[in-house]
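Predicted structure and sequence below. I'll ask about it afterward.
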Amino acid sequence: MQEVAQATLPTEHGRFRIHVFESRLDDATHLALVCGDLGDGERVLARVHSSCVTGDIFHSSRCDCGEQLDMALSRVAAEGRGVVLYLFQEGRGIGLANKIRAYALQEQGRDTVEANEQLGFEADLRDYASAVHIFRLLGVKSLRLMSNNPKKLEGVADGGELKIVERVPLEVEPGVANRRYLKTKKDKLGHKLSSV
């Protein structure tokens, strides 16, 4: 993993420095939006966000991704110090085309886990090794990680290179279109969600 570019990125949430990282292993490109001075790298408010074209760009109400990304950027900007990593691993790692195929299966009655499995995938194929490497390159040593997903916390803390000192909930109010999706994340994937 190496940093290949960076620039200032003013957003509706605040001013960030955007860092672009490329993996030498798989040619993947990932982003880090950094707000403020990370200082000693301790207790950094952070979010590890996997790309979601439908939610992040088109504001789909089928999921909570776009709202979570906005909340994370807003919280980091309000605190004046933190990192939002944007990892390109669409559809819990199955890719955009397969994610849309999974959507079609959900329209036939499958939940998000059943749809992935019917397509021949595990429920979640994401890997957080890139996130750990990027945090290290940014000088981050310990995190207050915004996530509802216990497996993400385990993945980021795996190997002991980063310490997670706090899990910060990042819950979105359920709507008509995403209530079943959120309930499936809670019931089948173990997400810590109190509103469904």
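Here it is on my side, so go on. Residues are numbered from 1 along each chain as shown.

In stretch 100-107, which residues are buried?
Within stretch 100-107, the residues that count as buried by 16 or more other Cβ atoms under 10 Å are Arg101, Ala102, Tyr103, Leu105, Gln106. (Each C-beta comes from the backbone N, C-alpha and C, glycine too.)

Please name the residues that touch the first one.
Each residue near Arg101 by Cβ atoms under 8 Å, 6 or more residues apart in numbering is listed here: Ala115, Leu119.

Quick check: the gap between it and Glu107.
Distance of Arg101 to Glu107, computed by Cβ to Cβ, to the nearest Å: 11 Å.

what's the closest of the buried residues of stretch 100-107 to Val132?
Val132 has its nearest neighbour among those in Ala102, at 27.3 Å by Cβ to Cβ.

The closest one falls within a strand, correct?
No. Ala102 is assigned helix when assessed by DSSP: H, G, I helix; E, B strand; the rest coil, not a strand.

Excluding chain neighbours, give the residue nearest to it in space.
Nearest residue to Ala102, sequence neighbours excluded (Cβ to Cβ, 6 or more residues apart in numbering): Ala115, at 3.8 Å.

How about Ala131?
Using Cβ to Cβ, 6+ apart, the nearest residue to Ala131 is Val48, at 4.7 Å.

What is the burial count for that neighbour?
Val48 has 27 neighbours, counted by other Cβ atoms under 10 Å.

How about it: which residues does it bridge to?
Note on Val48: beta-bridge partners Leu85, judged by DSSP bridges.

ok, it touching Val83?
No. Using Cβ atoms under 8 Å as the test, Val48 is too far from Val83 to be in contact (9.0 Å).

who are the neighbours in contact with Thr29?
With Cβ under 8 Å, 6+ apart, Thr29 has these contacts: Val20, Phe21, Glu22, Ser23, Phe88.

Which pLDDT does the model give it?
We have a pLDDT of 93 for Thr29.

Could you give the bridge partners of it?
On the basis of DSSP bridges, Thr29 is bridged to Glu22.

Pull the residues that contact stretch 6-21.
1-5, 29-35, 70, 73-74, 76-78, 84, 130, 134, 137-138.

Quick check: PyMOL command selecting the buried ones in those residues.
Those of those that count as buried under 16+ other Cβ under 10 Å are selected in PyMOL with:
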select buried, resi 1+30+31+32+33+34+35+70+73+76+77+84+130+134+138
